[in-house]
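A.B. asks: have a look; sequence and predicted model below, questions after that.
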Amino acid sequence: MAEIDHFYIKERILKFCEYQMFDADISDLIRYAKGKGFLNRDESVTTEGIKLAHSMNKSDTWIPVEWQII
């Protein structure tokens, strides 16, 4: 069950990255997520990635300022 949860969390992280990078392909999104600390080198979800996914599920304004590209 935890494996399924991490799949959906990873999906939310990549969705966040997609909003930040627009026309990037999946490898760029994964690289960006790793750079932001949302995914580990092996593409497993980090604590920051879990926090991001939970914040995305709680609100329509789910992108915290500290994670936005300005």
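C.D. replies: Everything's here; your move.

A.B. asks: residues of the helix ranked longest in the chain that come out buried?
C.D. replies: If you go by DSSP state H, the chain has its longest helix at helix 2-21. Within helix 2-21, the residues scored as buried using 16 or more other C-beta atoms under 10 Å are 9-10, 12-14, 16-18, 20. Using the backbone N, CA and C atoms, a C-beta is placed for each residue, glycine as well.

A.B. asks: so what's the gap between that helix and the chain middle?
C.D. replies: Here the centre of helix 2-21 is set off from its chain's centre by 5 Å, with C-alpha atoms, centre = their mean, to the nearest Å.

A.B. asks: could you do stretch 37-55 as well?
C.D. replies: 6 Å.

A.B. asks: now that stretch - C-alpha only, CSV.
C.D. replies: C-alpha atoms of stretch 37-55 as CSV (Å, rounded to 0.1, in the frame of the first residue of the first chain):
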residue,chain,number,x,y,z
GLY,A,37,14.7,18.0,-3.2
PHE,A,38,11.4,16.3,-3.9
LEU,A,39,12.9,13.1,-5.3
ASN,A,40,16.1,11.2,-4.3
ARG,A,41,18.7,10.1,-6.9
ASP,A,42,16.9,6.8,-7.3
GLU,A,43,13.6,8.8,-7.9
SER,A,44,12.1,7.8,-4.6
VAL,A,45,10.1,10.4,-2.8
THR,A,46,11.7,12.6,-0.1
THR,A,47,10.1,14.1,2.9
GLU,A,48,9.9,17.5,1.1
GLY,A,49,8.1,15.7,-1.8
ILE,A,50,5.6,14.2,0.6
LYS,A,51,5.0,17.7,2.1
LEU,A,52,4.5,19.1,-1.4
ALA,A,53,2.0,16.4,-2.4
HIS,A,54,0.0,16.8,0.8
SER,A,55,-0.1,20.6,0.4
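
A.B. asks: thanks again, I'm all set now.
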